[in-house]
Each structure stands twice: as C-alpha cells, then as structure tokens.
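S.K.: Need a 3D model of the sequence below.
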Amino acid sequence: MVNVTVWGENVHDQRDPSVQKVYPDTMHETIAAAVRAQLGDDVTVRTAWLQQEEHGLTEEVLADTDVLTWWGHAAHGDVDDAIVDRVQQHVLSGMGLIALHSAHFSKIFIKLMGTTCSLDWRSENDRELLWTVAAGHPIAQGVPHPLVIEREEMYGELFDIPQPDELVFVSSFSGGEVFRSGCCYRRGQGRVFYFRPGDQEYPTYHQPGVQTILGNAVRWAAPTSPRQLPTVHHRKTPGWFEN
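M.R.: Predicted coordinates:
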C-alpha cells in the first residue's frame, strides 16, 4: 500500500472563475482522483493545501506519506520555510516527491535542486507533444508516443536544473521550443520526479495519458525500503571491516 498526499496551493482554484470552470473540484482533488483511479486498492490518497494549519503538512502527515505531489504557482512565497525544511528532511529520508508544472519555482524544488530552476514560458494555447526518450522506463509505461496535449502553456529551455539522473520525457511546442518535461532525481534516500504539463488554465489533468503518468510516477517514487535519514559515520579504527 502506498500512502500519497496530494498538496495543492489552492489559490487559483478559489479565486479564478476560469480555473473553477476547468477544475470545479479543485486541482488537487482532480489529481487525487486520478491517482486513485490509476492505482486502485494499491494506494491511499489524502489531500492537503496551503491555507491549512502548517499547510496540512504536519510531521504526522509527512511521516505517514510515501509520496507527496506538489502543485503551486501564485503563492510560492507564502509557504513557510520551516515546512519546506520539514519536507526536505522527509525526502532525504526516503519519501518520494512529484513536482508538478509550476512547482519548478516552489521553495522545496529549488532547495532540492540547488539551482534557480528558471525557464522560458508563454501562455498562448500552444500544442504540446510529449515525447518519451527513455523507452522502458516505468514512468513511461502505457503512455502514447507522443502524448498530444492540444492546448497548454509553453515552457522552453533553458531550464536551469541539474542534469537529471534519468530524462523520461521531452516536450516540443507549436512555437518550435523544446523542454525537458520528465526529470528523475535521487536526493538522499528519496526519489524526485518533475513533470511539466499542468497549467491551471488548461484541462491537462483530465487527460488519460497524463493520468497514466501520474500513477506511474507515484509507483516509481514510492520508497522501497524503510525510511531513514542518511547519516555521516566517522570510523576511527583502520581495517574495521576485517573483523
């Protein structure tokens, strides 16, 4: 059983009629429903959002979370630094993190990457083609090649991130730009997956191929061994391994 917490900023969802029309149940509830539909009885899914006490990410919640998904855009700066530190410690201990779309500018993603995570962008109804570049990767299983998203916000290179441990998807856009859209990392004991599509103004998270990726990513990011924060050992006796 994989315990998933779907975290949403919940600002556009409450403020913008255009977003409410696309996601009447909120974006985080839509993402949560997609994960439940993909993984069925293999998963339990809760939701949390910015406006809750401790943003819904208490120590107890995170200790009971195998994979955390994160969507944010308009209020990255409102996320408490202490909560970001808490999430980072859980990732280093083995909790999986899936950063969605504009979460590239979230405090937690920047902290884990160590770069600016800046990029080029344009929101003018571009068609996006999502190309699989790692055939056989578990996150790409069952995903059309290419996955066509008829309308989306464009993200373009240069995307200021470290070179991914594994690059699973690359996007091309009707304006000619390309972008690294599916990036896998390992940080401490935890796995991190960045997935580009998912602007709030477009119905991307309703699309079956995108939902397949969300389910696959949860499976990939889930810890495979008991979670433990990496520690530094200082061995003082040479040849300790001979005993």
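
S.K.: show me what contacts residue 170?
M.R.: 130-131, 133, 178-182 (C-beta atoms under 8 Å, 6 or more residues apart in numbering). All C-beta spots, glycine's among them, are computed from the backbone N, C-alpha and C.

S.K.: Swap in 7 Å and give it another go.
M.R.: Counting by C-beta atoms under 7 Å, 6 or more residues apart in numbering, residue 170 touches 131, 133, 178-181.

S.K.: What subset of those is buried?
M.R.: 179-181 (16 or more other C-beta atoms under 10 Å).

S.K.: Residue 61: which of the residues you listed is nearest?
M.R.: residue 181 (28.7 Å; C-beta to C-beta).

S.K.: can you pull the pLDDT of the closest residue to residue 25 other than its chain neighbours?
M.R.: Distance criterion C-beta to C-beta, 6 or more residues apart in numbering; nearest residue to residue 25, sequence neighbours excluded, is residue 33 at 7.5 Å. Predicted confidence (pLDDT) for residue 33: 98.

S.K.: Quick check: residue 33 is in a strand.
M.R.: No: using DSSP: H, G, I helix; E, B strand; the rest coil, the assignment for residue 33 is helix, not a strand.

S.K.: any idea how far it lies from residue 206?
M.R.: Going from residue 33 to residue 206 by C-beta to C-beta, to the nearest Å gives 10 Å.

S.K.: okay, these two: which has more neighbours?
M.R.: residue 33 (17 against 13; other C-beta atoms under 10 Å).

S.K.: From residue 34, how far off is the closest residue to residue 141 other than its chain neighbours?
M.R.: Nearest residue to residue 141 in three dimensions, chain neighbours excluded: residue 216, at 5.7 Å (C-beta to C-beta, 6+ apart). From residue 216 across to residue 34, the span is 11 Å (C-beta to C-beta).

S.K.: for the chain, what spans make up the helices?
M.R.: For the chain, the helices defined by DSSP state H cover 12-15, 17-22, 27-39, 59-63, 81-93, 107-113, 208-221.

S.K.: ok, the spatially closest residue to residue 151 that is not a sequence neighbour - how many residues close by?
M.R.: Distance criterion C-beta to C-beta, 6+ apart; nearest residue to residue 151, sequence neighbours excluded, is residue 125 at 4.7 Å. By other C-beta under 10 Å, the residues close to residue 125 number 13.

S.K.: Same question for residue 243.
M.R.: Residues near residue 243, counting by other C-beta under 10 Å: 5.

S.K.: ditto for residue 240
M.R.: Using other C-beta under 10 Å: residue 240 sits among 8 other residues.

S.K.: Can you read off the pLDDT for it?
M.R.: For residue 240, the predicted pLDDT is 81.
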